[in-house]
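Chemist: Can you look at this prediction? I've put the sequence above it.
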Amino acid sequence: MHNESMVNEAQFQHRLDRRSTESVKWNRFEEDVLPMWVADMDFLCPPQVIEVLKARVEHGVFGYPCEPPELRGIIVDRLERRYDWTIDPEWITFIPNVFAGFHLAAHAVTRPKDGVLLTTPLYHPMLLVPKNVELQGQIVELDRRADGGYSVPFDRFEDAITGRTELFILCNPHNPIGKVYTHDELETMGELCVKHDIIICSDEIHSDFVYDGRKHVPIASLSKEIADRTITLMSPVKSFNVAGIPFAFAVIPNPRLREQYANAGKGLVIHPSALGFIAATAAFEHCDAWSDQLVKVLESNRAFMVDYLQRELPDVKMTPLQGTYLTWLDFRETPISENPYEFLLKNAKVATNDGRIFGPGGDGFIRLNIACPKALLEEGLERIRSALR
């Protein structure tokens with residue numbers, strides 16, 4: 001049963017006290033600062049997840065975990081149901097988080113001084129991979145179109161590839177720009193990786209957040225040739241707001257690549273926690289209705305924000321948000337001369353993410369999280385408006 005309980009929008013509009021918890025989002029900045037930065041939602045996680053966690057905590061013993069026997073089948077079913085992607089259960093490798101996941105991919109398939117292809121502006125931990133794994137970062141800045149959307153400059157993408165390029169790290173949906181890649185874009189990138197014998201590590205952690213009737217397309221679902229060189233990373237932590245309970249998985253169809261990946265983690269603890277296994281099992285099996293309602297809430301927040309910016313802050317240009325709940329805002333036409341992140345933190349008391357951390361193409365931008373009750377989003381936008389006035 002995938003839609004077990006009625007879900008209503010009201011549960012997404014309660015303002016929660018998170019400062020009294022160990023929340024990094026709410027406790028990094030001073031108390032008068034409204035946090036709209038890290039990819040962490042200000043919503044309760046699904047009731048089914050809370051129920052199974054409560055029952056497990058009441059049991060009272062937390063020894064070393066093994067995977068729940070039903071979990072692989074539940075994941076296989078979910079990927080088929082939501083993305084039309086048919087996988088085999090043995091393709092799945094459990095890992096604690098996606099950050100470890102793309103670093104493991106780099107360790108598995110590269111040697112020092114090899115190249116890793118990265119398209120910016122890009123989720124900033126991915127930009128750490130070259131330094132952390134002693135690789136050459138081969139940066140391709142995406143083209144920003146007149147409408148504020150982004151496209152892949154395939155000529156420059158291919159020009160960046162050298163004889164040492166071994167890995168392409170893809171972010172789809174693409175954080176921070178909120179882009180959902182089309183079937184054709186994914187196919188072209190995939191075929192270039194086949195042509196040049198490059199492994200793809202595709203971070204698809206935001207795959208449940210796609211809007212306007214779009215459907216998430218896993219790059220590995222496109223062809224056997226692309227699947228054979230792809231490591232797909234997925235996790236419930238964004239989808240169901242359980243980032244404090246580590247759990248993720250890699251889908252690796254190619255058995256040789258899967259073995260390389262497993263060997264890359266030798267000597268490291270790379271399995272999820274007991275509560276991570278339990279939360280993931282409940283979320284993937286029982287929370288489709290909750291997920292669908294959440295997407296509607298986020299679409300409503302997006303519409304509210306688009307309207308507010310057009311009406312009150314026309315100089316702030318919002319990149320079309322096709323996926324994720326992270327808006328990418330261009331402040332380059334506003335009258336402020338300083339870095340917009342620093343300006344907003346100081347003058348609006350709103351914490352965002354500084355566009356510069358996302359690499360080339362991020363200067364003059366901020367990333368702002370809209371996964372919060374509408375009243376909180378409105379308060380943040382009011383603070384920004386007052387500061388800019």
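Modeler: Nice, thanks for sending it over.

Chemist: make it CA atoms for all contacts and neighbour counts henceforth
Modeler: OK.

Chemist: so where is the protein shaky, pLDDT-wise?
Modeler: Across the chain, the ranges flagged by pLDDT under 70 are 1-6, 269.

Chemist: all helices for it, in order.
Modeler: 24-27, 47-59, 71-83, 98-109, 129-132, 154-159, 183-195, 224-227, 255-264, 274-286, 288-312, 340-343, 374-388 (DSSP state H).

Chemist: outside of the third one, which residues touch it?
Modeler: Counting contacts by CA atoms under 8 Å, 6 or more residues apart in numbering, the residues outside helix 71-83 that touch it are 85-89, 92, 215-218, 281, 284-285.

Chemist: Check which residues of it are buried.
Modeler: 71, 72, 74, 75, 76, 77, 78 (16 or more other CA atoms under 10 Å).

Chemist: Using TSV, lay out the residues you listed together with distance to residue 300.
Modeler: TSV is the format used below for the buried residues of helix 71-83 (distance: CA to CA, whole Å):
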residue	distance to residue 300
71	33
72	34
74	30
75	29
76	31
77	29
78	25
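
Chemist: Looking at those residues, which is nearest residue 153?
Modeler: residue 78 (33.0 Å; CA to CA).

Chemist: what about the closest one, distance to residue 286?
Modeler: 10 Å (CA to CA, to the nearest Å).

Chemist: Which parts of this protein belong to which domain?
Modeler: 9-48+288-388, 71-286 (automatic domain parsing).

Chemist: Tell me which of those domains approaches residue 56 most closely.
Modeler: Nearest to residue 56, of the domains of the chain and by CA to CA, is domain 71-286 at 7.9 Å.

Chemist: Pull the number of nearby residues for residue 69.
Modeler: For residue 69, the neighbour count with other CA atoms under 10 Å is 8.

Chemist: Please point out which parts of stretch 297-316 sit buried.
Modeler: Buried, per 16+ other CA under 10 Å, within stretch 297-316: 297, 298, 299, 301, 302, 305, 306, 308, 309, 313, 316.

Chemist: surely the fourth one meets residue 374?
Modeler: Yes. Residue 301 sits in contact with residue 374 when judged by CA atoms under 8 Å, with a separation of 6.3 Å.

Chemist: The closest residue to residue 169 other than its chain neighbours pairs with what?
Modeler: Spatial nearest neighbour of residue 169, chain neighbours left out: residue 201 (4.9 Å); criterion: CA to CA, 6 or more residues apart in numbering. Counting by DSSP bridges, residue 201 forms beta bridges with residue 169, residue 231.

Chemist: What's the separation between residue 201 and residue 157?
Modeler: Residue 201 is 16 Å from residue 157, by CA to CA.

Chemist: So these two - more neighbours on which side?
Modeler: residue 201 (26 against 19).

Chemist: Report the separation between the more buried one and residue 366.
Modeler: For residue 201, the distance to residue 366 - CA to CA - is 26 Å.

Chemist: With residue 116 instead?
Modeler: Taken as CA to CA, the span from residue 116 to residue 366 is 25 Å.

Chemist: Just give me the neighbour total for residue 30.
Modeler: 11.

Chemist: show me what contacts residue 68?
Modeler: 277, 278, 281.

Chemist: can you check residue 314 too?
Modeler: Residue 314 neighbours (CA under 8 Å, 6+ apart): none.

Chemist: Ok, residue 27 next?
Modeler: residue 19.

Chemist: how much space between the closest residue to residue 95 other than its chain neighbours and residue 67?
Modeler: Nearest residue to residue 95, sequence neighbours excluded (CA to CA, 6+ apart): residue 271, at 4.8 Å. Distance of residue 271 to residue 67, computed by CA to CA: 9 Å.

Chemist: ok, those two, which is more surrounded?
Modeler: Neighbours per residue, other CA under 10 Å: of residue 271 and residue 67, the larger number sits with residue 271, 21 against 16.

Chemist: Just give me the neighbour total for the closest residue to residue 274 other than its chain neighbours.
Modeler: Excluding its sequence neighbours, the residue lying closest to residue 274 (CA to CA, 6+ apart) is residue 65, at 5.1 Å. Residues lying near residue 65 (other CA under 10 Å) number 13.

Chemist: Residue 65 against residue 273, yeah?
Modeler: Yes. Using CA under 8 Å, residue 65 is in contact with residue 273, at 6.9 Å.

Chemist: you'd agree residue 271 is up against residue 100?
Modeler: No. In this structure, residue 271 is not within contact of residue 100 by CA under 8 Å, at 10.4 Å.

Chemist: ok, back up a step: in CSV, list the contacts of helix 71-83 along with neighbour count and distance to residue 321.
Modeler: Shown next, in CSV, are the contacts of helix 71-83 (neighbours: other CA atoms under 10 Å; distance: CA to CA, whole Å):
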residue, neighbour count, distance to residue 321
85, 17, 24
86, 13, 28
87, 18, 29
88, 13, 33
89, 16, 33
92, 20, 30
215, 17, 14
216, 23, 14
217, 21, 17
218, 23, 19
281, 22, 29
284, 22, 25
285, 19, 28
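
Chemist: residues contacting residue 265?
Modeler: Neighbours of residue 265 in contact, by CA under 8 Å, 6+ apart: residue 104.

Chemist: What distance do you get for the residue nearest to residue 124 when sequence neighbours are not counted to residue 367?
Modeler: Leaving out its chain neighbours, the residue that sits closest to residue 124 by CA to CA, 6+ apart is residue 358, at 4.9 Å. For residue 358, the distance to residue 367 equals 9 Å [CA to CA].
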